[in-house]
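Novice: model this:
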Amino acid sequence: MIQGADDISDPSGSAPFRRLPKWLQRPIGEPGRATAVENTLAGLHLNTVCHSAKCPNRSECFASGTATFLVGGDTCSRSCSFCAVDTAAALPLDASEPDRIAKACRKFGLAYVVLTMVSRDDLSDGAAAHMAAVVSAVRQALPEAGVEVLTSDFAGNRASVDLALQARPAVFAHNLETVERLYPTIRPQADYERSLGILEHAATVAGGSTAIKSGFMVGLGEADDEIEDAMRDLHQRGVTILTVGQYLQPSPNHAPVHRYLEPREFELISERALALGFEKVASAPFVRSSYRADRMIDRDASTPRSTP
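Specialist: Below you'll find the predicted structure:
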């Protein structure tokens, strides 16, 4: 068992759960600009993955004056067992959302903007055109800002990928999330090869003008060779930027944590990923796709950095 990842009893008596090891126990951060960020988001009625996905880095990001926007509503058409975003019938897209997000970005003075989205299987394009409209609005508000889009798999619709790429984001991201064997339990409405196909298509269409990024979680029960296979599959499909982070169970109703990887294990994953040929890798317990995403690219050239 990993040191510090102790099994303790659930007070309800229904199941054991794991005590967080010391490297996952974070001190309470300084409030910084967090209140102003929260007030702006509430005033503009904006959704963030920080809130909806219960991101462990939310306080730090808000205190530094940034947030990751959740485009297309705050409910998802899928029910992945790792994800805290609510599953429900989606409301119609809000045509004012692009301008509201752009207004928040301008107020925050962001030099780099990360936009993610819920899956919208109710829409023929998966909300790709809406995402493109948000990118365009942000560009008009902040012409010098870099923009990264973290999209769904668009149900395999490659025309939707084309729509998202036509907005010319600096980075196109789609997360693999886990290894192939675990898809039926962790991502039952998704497909491993479909996600790889979306990334490969994006890399082909972008032709190097947009960096291609993906990531996955560890601690869900995957084996070391499965991590290796996932990294190799991503690299072979044209992904140049990789993120790997520890899965943390959002609630007792979500998939359990099988183990907590030690920091050195994340370092070894990073070393192996760089050896496979990835240009930029972030691998650490608190890494998330959008966390400190601006550090993953050279914003002057809008290309990935080549050093870890």
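Novice: all strands for this structure, in order.
Specialist: Taking DSSP state E as the test, the strands found in the chain are 7-9, 16-18, 69-71, 75-76, 86-87, 112-117, 146-150, 171-173, 211-218, 241-246, 280-283, 297-298, 303-304.
Novice: quick one: which of those strands is nearest residue 98?
Specialist: strand 69-71 (8.6 Å; CB to CB). Glycine gets a C-beta too; all of them are placed from N, C-alpha and C.
Novice: where along this protein do the helices fall?
Specialist: Using DSSP state H, the helices found in the chain span residues 34-43, 49-52, 58-63, 97-108, 128-141, 158-166, 183-186, 192-206, 224-236, 263-276.
Novice: among these, which is nearest residue 250?
Specialist: It's helix 49-52; of these, that one is closest to residue 250 (CB to CB) at 10.3 Å.
Novice: C-alpha coordinates for that closest one, PDB please?
Specialist: The C-alpha trace of helix 49-52 is given here as PDB (Å, rounded to 0.1, in the frame of the first residue of the first chain):
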ATOM      1  CA  VAL A  49     -15.300  23.800 -14.100                       C
ATOM      2  CA  CYS A  50     -13.700  25.000 -10.800                       C
ATOM      3  CA  HIS A  51     -17.000  24.900  -9.100                       C
ATOM      4  CA  SER A  52     -18.900  22.300 -11.100                       C
END
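Novice: right, and residue 83 touches residue 54 too?
Specialist: No. Between residue 83 and residue 54 there is no contact under CB atoms under 8 Å: 9.4 Å.
Novice: any shared contact partners between these two?
Specialist: residue 250 (CB atoms under 8 Å, 6 or more residues apart in numbering).
Novice: any weak-confidence spans in the stretch 51-200 of the chain?
Specialist: For the stretch 51-200 of the chain, applying pLDDT under 70 flags no range at all.
Novice: Could you rerun that using 80?
Specialist: 54, 57 (pLDDT under 80).
Novice: what do you get for the stretch 201-308 of the chain?
Specialist: Looking along the stretch 201-308 of the chain with the criterion set at pLDDT under 80, you get 297-308.
Novice: coming back round to it: okay, the helices of the chain, which one's buried deepest?
Specialist: helix 49-52 (a mean of 23; mean count of other CB atoms under 10 Å).
Novice: and it, what does it pack onto?
Specialist: helix 58-63, strand 69-71 (3 or more CB pairs under 8 Å, 6 or more residues apart in numbering; DSSP states H and E).
Novice: Show me the contact partners of that helix.
Specialist: 55, 57-58, 61-62, 67-70, 74, 84-86, 116, 290.
Novice: coming back round to it: more crowded one of residue 83 and residue 54?
Specialist: Ranked by neighbour count (other CB atoms under 10 Å), residue 83 and residue 54 place residue 83 first, with 22 against 16.
Novice: OK, contacts around that one?
Specialist: Neighbours of residue 83 in contact, by CB under 8 Å, 6+ apart: 53, 76, 250, 254.
Novice: Then residue 212?
Specialist: Here residue 212 is in contact with 171-173, 199, 202-203, 206, 238-241 (criterion: CB under 8 Å, 6+ apart).
Novice: Any chance of the helices and strands packed on helix 49-52 in a markdown table with distance to residue 165 as columns?
Specialist: Putting these into a markdown table (distance: least, CB to CB, whole Å) gives the following:
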| stretch | distance to residue 165 |
| --- | --- |
| helix 58-63 | 26 |
| strand 69-71 | 16 |
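Novice: quick one, which of these is nearest to residue 155?
Specialist: Among those, strand 69-71 sits nearest to residue 155 (CB to CB), with 16.5 Å.
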